[in-house]
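K.L.:
Got a predicted structure here, sequence first:
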Amino acid sequence: MKVVTKGLVCILITAILASSPLVWAFPGGPTLSAGQQYNLTLQATEVSVGGTPYTPPNKDMTVTLGRTNLGNLMMVFEWEHDPGPKVPASNYALILGFDFDNDDLWENPDSNVYTPDDALGLVALGMTLDVCIPKPFHPSEGCWIAFYIPNGLYVLSWGIDPDDPDSGPKIVPIGGPPGPQGPGPISHKTWESLKGPGPQYPISLESIVFNPYYTDTSYVMKVGVPLALFHSPSGFGFFLTQQTTVGDETPWLSWMWPSQGSPSPDLSALGNENGAQYLGNLDPTAEGPYNYVLADPPGPDAPVGGFATAVDKIALVVPWIALTSILAVALVLALTKAKKRKA
């Protein structure tokens with residue numbers, strides 16, 4: 001079941017990205033520097049609301065970067081969002097992408113997928129996915145597909161998935177919330193954490209710990225990225241998706257940084273080897289007033305970023321599961337794994 005869960009996490013991230021019909025940034029994009037605070041404007045993407053094209057306003061976000069005494073690059077993302085009366089405030093995901101050698105390629109130089117020596121993705125998932133899809137024509141006989149994916153921080157790398165070596169290099173989830181968690185009241189499944197040793201430093205293979213957390217009641221996501229992972233100015237970009245009430249509909253709206261120069265509807269390249277070409281730039285060595293000012297994360301038991309409010313887990317899953325692309329690919333994945341086990 002853990003293998004299928006890892007695949008579902010990867011499918012979830014892919015579906016989040018694919019929900020936006022626009023390309024990310026053009027190569028040679030803007031640069032963010034350590035020690036600085038930026039008031040950024042994230043570019044909105046067009047979505048369909050009730051069958052009608054809709055583009056929300058661009059979103060303002062404050063991003064603060066600073067080196068710390070513990071050897072991290074603290075990254076603080078702050079934004080405002082009104083989900084409306086029909087949507088839980090925690091229905092969001094913030095995805096950060098790094099290309100540490102900034103050569104426009106996702107790579108795995110040491111051939112160890114658990115050491116993000118070039119490609120790193122961090123996904124702050126604000127909601128919990130507790131899913132049971134009834135069996136077609138026999139709903140009383142239980143779930144056709146069931147899984148439980150808790151909210152929290154997920155760590156992605158690039159390389160060969162040890163559980164699926166024949167699929168070739170791809171985005172692989174290598175870390176996530178600790179388990180066990182659950183069982184979910186809907187799926188009755190339990191999260192057992194992702195298989196494998198988790199994120200590790202290259203060469204030393206010591207564990208990397210990412211501790212995002214929130215403050216106050218605004219949307220604030222903070223995470224410390226170890227400076228030891230950077231070799232030079234890095235490729236960097238991020239993507240925010242958040243559910244909102246628009247009239248009688250509750251669409252998922254999306255915004256990105258850097259802005260892109262063309263409305264061409266193509267995000268498929270993000271999952272390919274050259275997907276890093278759509279990132280901007282990040283200089284972790286720059287000087288500025290916010291270096292050695294931001295505090296490191298308080299510890300592994302800190303709550304995970306987003307909105308300080310109670311979460312109705314049942315209400316969270318209904319609109320998200322409407323993304324049929326997740327379910328279709330999840331079914332294919334589950335059936336494929338089942339066939340392999342029988343072979």
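P.N.:
Good, I have the coordinates. Because the structure is predicted, anything quoted here is derived from the model rather than measured.
K.L.:
Gly175 is in contact with Val155, correct?
P.N.:
Yes: assessed by Cβ atoms under 8 Å, Val155 is found in contact with Gly175 at 3.4 Å. Placement of C-beta: from N, CA and C, glycine included.
K.L.:
intersection of neighbour lists for the two?
P.N.:
Listed contacts common to Val155 and Gly175 are 198-199, 208, 210; contacts here mean Cβ atoms under 8 Å, 6 or more residues apart in numbering.
K.L.:
And stretch 142-151, what's buried?
P.N.:
Buried residues in stretch 142-151, defined by neighbour count with 16 or more other Cβ atoms under 10 Å: 143, 145-151.
K.L.:
Measure how far it is from the centre of its chain, please.
P.N.:
Stretch 142-151 sits 19 Å away from the centroid of its parent chain (Cα atoms, centre = their mean, to the nearest Å).
K.L.:
can you check stretch 89-97 too?
P.N.:
Centroid separation for stretch 89-97 versus its chain: 6 Å, with Cα atoms, centre = their mean.
K.L.:
For that stretch, what does the pLDDT average out to?
P.N.:
Averaging pLDDT along stretch 89-97 yields 88.
K.L.:
Over to stretch 110-124?
P.N.:
For stretch 110-124, the mean confidence score works out to 89.
K.L.:
just the helices in the chain please.
P.N.:
Here the chain has its helices, by DSSP state H, at 2-18, 313-320, 324-342.
K.L.:
Comparing these, which yields the minimum mean pLDDT?
P.N.:
Across those, helix 313-320 gives the lowest mean pLDDT, at a mean of 25.
K.L.:
Tell me who's in contact with the closest residue to Asn272 other than its chain neighbours.
P.N.:
Sequence neighbours aside, Trp106 is the residue nearest to Asn272 in space, at 7.9 Å (criterion: Cβ to Cβ, 6 or more residues apart in numbering). By Cβ under 8 Å, 6+ apart, the contact set of Trp106 is 99, 118-119, 158, 169, 171, 272-276.
K.L.:
if we can go back for a sec, include pLDDT when you put the buried residues of stretch 142-151 into TSV, please.
P.N.:
Shown next, in TSV, are the buried residues of stretch 142-151 (pLDDT from 0 to 100):
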residue	pLDDT
Cys143	89
Ile145	85
Ala146	88
Phe147	86
Tyr148	88
Ile149	87
Pro150	87
Asn151	85
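K.L.:
which among those residues gets closest to Trp79?
P.N.:
For the buried residues of stretch 142-151, the minimum distance to Trp79 (Cβ to Cβ) is 17.5 Å, reached by Asn151.
K.L.:
Distance of that closest one relative to Phe210?
P.N.:
Remark: distance between Asn151 and Phe210 (Cβ to Cβ, to the nearest Å) = 15 Å.
K.L.:
where exactly do the strands run in the stretch 201-343 of the chain?
P.N.:
Using DSSP state E, counting those that start in this stretch, the strands of the stretch 201-343 of the chain run over 219-226, 234-243, 252-257, 280-283.
K.L.:
I misspoke; the intended subject was the stretch 51-200 of the chain.
P.N.:
Counting by DSSP E, counting those that start in this stretch, the stretch 51-200 of the chain has strands at residues 52-54, 59-67, 72-79, 92-99, 119-125, 129-134, 143-149, 152-159, 170-175.
K.L.:
So what are the sheet partners of the last one and their directions?
P.N.:
Just to be clear, that refers to strand 170-175. strand 152-159 (antiparallel) (DSSP bridges).
K.L.:
Please name the residues that touch Gly176.
P.N.:
For Gly176, the contacting residues are 9, 152-155, 193-194, by Cβ under 8 Å, 6+ apart.
K.L.:
again, but for Met61
P.N.:
Contact analysis of Met61 by Cβ under 8 Å, 6+ apart lists 39-42, 77-79, 240, 255, 257.
K.L.:
Which of those residues sits closest to Tyr114?
P.N.:
Closest approach between those and Tyr114, by Cβ to Cβ: Phe77, at 25.6 Å.
K.L.:
what about the closest one, distance to Gly237?
P.N.:
Phe77 sits 13 Å away from Gly237, going by Cβ to Cβ.
K.L.:
now swap in Pro88 and tell me
P.N.:
Going from Pro88 to Gly237 by Cβ to Cβ gives 27 Å.
K.L.:
who has more neighbours, those two?
P.N.:
Taking neighbours as other Cβ atoms under 10 Å, Pro88 and Gly237 compare with Gly237 leading, 24 against 19.
K.L.:
Confirm for me that the more buried one is in contact with Gly97.
P.N.:
Yes: using Cβ under 8 Å, Gly237 is in contact with Gly97, at 5.2 Å.
K.L.:
list residues touching both of these two?
P.N.:
If you check Gly237 and Gly97 against Cβ under 8 Å, 6+ apart, the residues they both contact are Leu279.
K.L.:
and the contacts of Trp106 as JSON lines, adding distance to Leu125 and neighbour count?
P.N.:
Shown next, in JSON lines, are the contacts of Trp106 (distance: Cβ to Cβ, whole Å; neighbours: other Cβ atoms under 10 Å):
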{"residue": "Asp99", "distance to Leu125": "22", "neighbour count": "25"}
{"residue": "Asp118", "distance to Leu125": "24", "neighbour count": "26"}
{"residue": "Ala119", "distance to Leu125": "19", "neighbour count": "26"}
{"residue": "Trp158", "distance to Leu125": "20", "neighbour count": "25"}
{"residue": "Pro169", "distance to Leu125": "24", "neighbour count": "17"}
{"residue": "Ile171", "distance to Leu125": "15", "neighbour count": "24"}
{"residue": "Asn272", "distance to Leu125": "23", "neighbour count": "14"}
{"residue": "Glu273", "distance to Leu125": "25", "neighbour count": "16"}
{"residue": "Asn274", "distance to Leu125": "26", "neighbour count": "12"}
{"residue": "Gly275", "distance to Leu125": "20", "neighbour count": "22"}
{"residue": "Ala276", "distance to Leu125": "22", "neighbour count": "29"}
